[in-house]
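Chemist: show me how the following folds:
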Amino acid sequence: MSGVDKVRRVDKASVFCERSTGIVRSGECGVGSDIYWMQKALTLAQSAESSDEVPVGAVLVFENRCIGEGKNQMISEKDPTAHAEIVALRMGGIVLGNYRLPGTTLYVTLEPCMMCVGATLHARIQRLVFGAWDPKRGAVESTCQLLRSPPPYHFIEYTGGILAEECGQMLKDFFRALRGKGEGIRG
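Modeler: This is a model prediction of the structure:
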């Protein structure tokens, strides 16, 4: 069996399920909860944007509870590794008391870069769900497909395109406003 055969690709869907709490009850998994958690990640992305950071948010879920969350903080923390995904994974490691995070799902508003995909592999997360594709730096499907080839030592199920339009529009609006001010990304 090739590495490509071992990766389970789940197609995007357009189902909306509303949840009233941060806990998704057992049996309520799948696309409905994917949308719920992606909305939480979008809220974090908005918070990053209000801090003049690139608007990306991430939520790490274990047993239907949020155990880590992050937003881009590279500029404010002066840390090139302070991507939303890394921040959420670090928090999850503290909560679980382990650098390995099996059984977790990471929700992120933008397809992760090489560094963040590498971190998810090292953390041994079970599943990755992302919103918008990143044609320039995305390392899941867009540029180098790190979860497929060469076959990695750990396999992560992934789903792309959950709330892709909302996630992508937030990024487009952010960069359009930045260009309108005559600014680029600082640093």
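
Chemist: okay, now the unreliable bits of this structure?
Modeler: Filtered on pLDDT under 70, the chain yields the residue ranges 1-32, 150-152, 183-187.

Chemist: and if we set it to 50?
Modeler: Low-confidence segments of the chain (pLDDT under 50): 1-29, 31, 187.

Chemist: which stretches of this structure form helices?
Modeler: 3-6, 31-50, 74-77, 84-96, 114-123, 164-180 (DSSP state H).

Chemist: mean neighbour count and distance to V59 for those helices - can I get that in a markdown table?
Modeler: C-betas here are computed from N, CA, C, even on glycine. A markdown table is the format used below for the helices of the chain (neighbours: other CB atoms under 10 Å; distance: least, CB to CB, whole Å):
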| stretch | mean neighbour count | distance to V59 |
| --- | --- | --- |
| helix 3-6 | 12 | 26 |
| helix 31-50 | 20 | 5 |
| helix 74-77 | 16 | 19 |
| helix 84-96 | 22 | 6 |
| helix 114-123 | 20 | 13 |
| helix 164-180 | 15 | 13 |
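
Chemist: nearest to Y107, out of these?
Modeler: Closest to Y107 of those is helix 31-50 (CB to CB; 4.3 Å).

Chemist: that closest one to helix 84-96, inter-axis angle?
Modeler: Using axes from the mean of the first three to the mean of the last three CA atoms, to 10 degrees, the interaxial angle of helix 31-50 with respect to helix 84-96 works out to 110 degrees.

Chemist: also compute the angle for helix 31-50 relative to helix 164-180, please.
Modeler: If you take the same axes, to 10 degrees, helix 31-50 sits at 10 degrees to helix 164-180.

Chemist: what packs against helix 31-50?
Modeler: Using 3 or more CB pairs under 8 Å, 6 or more residues apart in numbering; DSSP states H and E as the contact test, the elements touching helix 31-50 are strand 57-62, strand 65-71, helix 84-96, strand 104-110, strand 127-132, helix 164-180.
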